[in-house]
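> here you go, sequence then predicted model.
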Amino acid sequence: MHGLGTEAAFEVLARANALRREGRDIINLCIGQPDFPTPEHIVEAGRKALALGHHGYTEANGILPLREAVAADLFRRHGVAVSPERVLIVPGGKVTMFFAILMFGEPGAEIIHPSPGFPVYENVIRFSGATPVPMPLKESNDFSFRAEEVLALITPRTRLLILNSPANPTGGVVPQAELDRLVAGLARHPQVAILSDEIYGELVYDHAFTSLLRYPEIADRLILLDGWSKTYAMTGWRLGYGVWPDSLVRQAERLAINSHSCVNAAAQYAGIAALTGPREPVERMVAAFAARRDAFIPALNALPGISCRLPRGAFYAFPNITATGLDARALQARLLEEAGVATLAGTSFGAMGEGYLRLSYAAGRETLLAAAERIGTWLAGRNAHGET
Ligand SMILES: Cc1ncc(COP(=O)(O)O)c(C=O)c1O
């Protein structure tokens, strides 16, 4: 148990809140959640479900109208028909990754994961006893990958390949041509299952997004992870889903029965309203993220020692900070304590995150520009003092 890793975002958040309690003015760009409230019609559906008496257990895999709404939404977005029987509703996006990694991970097995990447992948791979095999996502490649590099990581011990596009922490989006090549190459490795974390799938700006669901040739070994947290600003509702292959869905359901029984009933009704209700709130939020990105990235690039690629999706900037002369953790700590801006060191997302910071731009435009100004003032002060 002592070896189990964590998510640094929650720790930095706690420190930022402690500084705020001391009266310090802290701008928080460290946590990965939309700053918008859940759209009102969704909240109302949850409220109504409680008023109507939906207080008991539901089916372990989720109420049928919700699984049907998920199937219809997947058809709308990806043009792929999925049986609601393959959908497992779970409390948040994380649960699908936890179940998938526990299913495939054991001592001797290898699991390939994106690096830098969401820290939970590597944490749970190690916890399962399996060996994590990092798949490098390079800045020079716009934080995507070349299919042949990924395929070259596969060995006879590889059980699971984890993909995440659009990506946390880099905002990278894998182009369709690369996915085509990857899927073609996977035909030579039928023993490898794929977990595609598409939780940011609707938060893409100027790049088309292709779901792995669109490839029938891997449908019998693809686990799709998605959920409501990011798209509908519902992180606190704890609602997500997996689409599992026929051969695994009942086993995944058993993991659910043995852990959380079912998802909060009222949250499931709210989830139906999210998927079947008006799309404008989501469209407005995505447009706001795009506009903030377009204001924030140039502001970051104007800072001494910082250069930042344009993220294509999600709501994270992942600037290269090597020219500041500080390592990522040192810069994270000093920006928080001395400049009053909470960011996350790239190393919170694996060793390949050294030389980078992650800043969430799920914050108001004024807040983002104020943060850039604080960082700029702090960097300039440091340069003026000849600090290296
Ligand atoms: C890549 C990725 N996958 C999954 C999740 C988990 O989402 P949830 O809050 O729904 O568990 C996150 C949350 O930050 C994420 O960044």
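Sure, I can see it.
> when you work out contacts or count neighbours from here on, use the C-alpha atoms and nothing else.
Fine.
> can you list the residues of this structure near the ligand?
32, 92-94, 118, 168, 197, 199, 227, 229, 235, 240 (Cα under 6 Å from any ligand atom).
> I'd like the residues you listed laid out as a markdown table, including neighbour count.
What follows is these, written out as a markdown table (neighbours: other Cα atoms under 10 Å):
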| residue | neighbour count |
| --- | --- |
| 32 | 20 |
| 92 | 24 |
| 93 | 24 |
| 94 | 21 |
| 118 | 20 |
| 168 | 28 |
| 197 | 27 |
| 199 | 26 |
| 227 | 28 |
| 229 | 21 |
| 235 | 20 |
| 240 | 25 |
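> pLDDT-wise, what's the bottom of those residues?
Checking pLDDT across these, the minimum falls on residue 32 at 86.
> how about it, phi and psi?
Main-chain torsions, residue 32, degrees, to the nearest 10: phi -90, psi 70.
> my read: it touches residue 358, true?
No - judged on Cα atoms under 8 Å, residue 32 makes no contact with residue 358 at a distance of 9.8 Å.
> contacting residues around stretch 131-142?
If you take Cα atoms under 8 Å, 6 or more residues apart in numbering as the criterion, stretch 131-142 is touched by 107-116, 122, 125-126, 143-145, 150, 153, 172, 309, 352.
> quickly list what's touching both of residue 32 and residue 358.
Contacts common to residue 32 and residue 358, judged by Cα under 8 Å, 6+ apart, are residue 316.
> on that earlier part again, ok, the residues of the chain next to the ligand vs residue 348, which is closest?
Set against residue 348, the nearest of those by Cα to Cα is residue 118 (8.6 Å).
> what sits against the closest one?
By Cα under 8 Å, 6+ apart, the residues touching residue 118 are 168-169, 349.
> for those, which one is nearest the ligand?
Nearest to the ligand among the contacts of residue 118 is residue 168, at 5.0 Å by Cα to the nearest ligand atom.
> taking the centroid of the chain, which residue is nearest it?
residue 168 (4.7 Å; Cα atoms, centre = their mean).
> in terms of contact, does residue 54 touch residue 265 like I think?
Yes - the criterion here is Cα under 8 Å, and residue 54 meets it with residue 265 at 6.1 Å.
> neighbour count: these two, which is higher?
residue 265 (21 against 17; other Cα atoms under 10 Å).
> who are the contact partners of that one?
Residue 265 makes contacts with 49, 54-58, as judged by Cα under 8 Å, 6+ apart.
> now do residue 342
Residue 342 touches 12-13, 16, 26-30, 332, 335-336, counting by Cα under 8 Å, 6+ apart.
> ok, residue 159 next?
Neighbouring residues of residue 159 by Cα under 8 Å, 6+ apart: 104-105, 109-111, 191-193.
> Serialize those residues to CSV and add fields for pLDDT.
Output for the contacts of residue 159, formatted as CSV (pLDDT from 0 to 100):
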residue, pLDDT
104, 98
105, 98
109, 98
110, 98
111, 98
191, 96
192, 98
193, 98
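> tell me the one of the residues you listed nearest residue 365?
In terms of Cα to Cα, no member of the contacts of residue 159 lies closer to residue 365 than residue 111, at 39.0 Å.
> can you count the residues close to the closest one?
30.
> again, but for residue 377
Neighbour tally, residue 377, other Cα under 10 Å: 15.
> quick one: the strands in the stretch 1-150 of the chain?
27-28, 87-90, 110-115, 131-136 (DSSP state E, counting those that start in this stretch).
> wait, residue 249 sits on residue 83?
No - Residue 249 lies out of contact with residue 83 (Cα under 8 Å); the separation is 11.3 Å.
> settle it for me: which of those two has more neighbours?
residue 249 (19 against 14).
> state the pair within the contacts of residue 159 that is farthest apart.
105 and 191, at 13.4 Å, using Cα to Cα across the contacts of residue 159.
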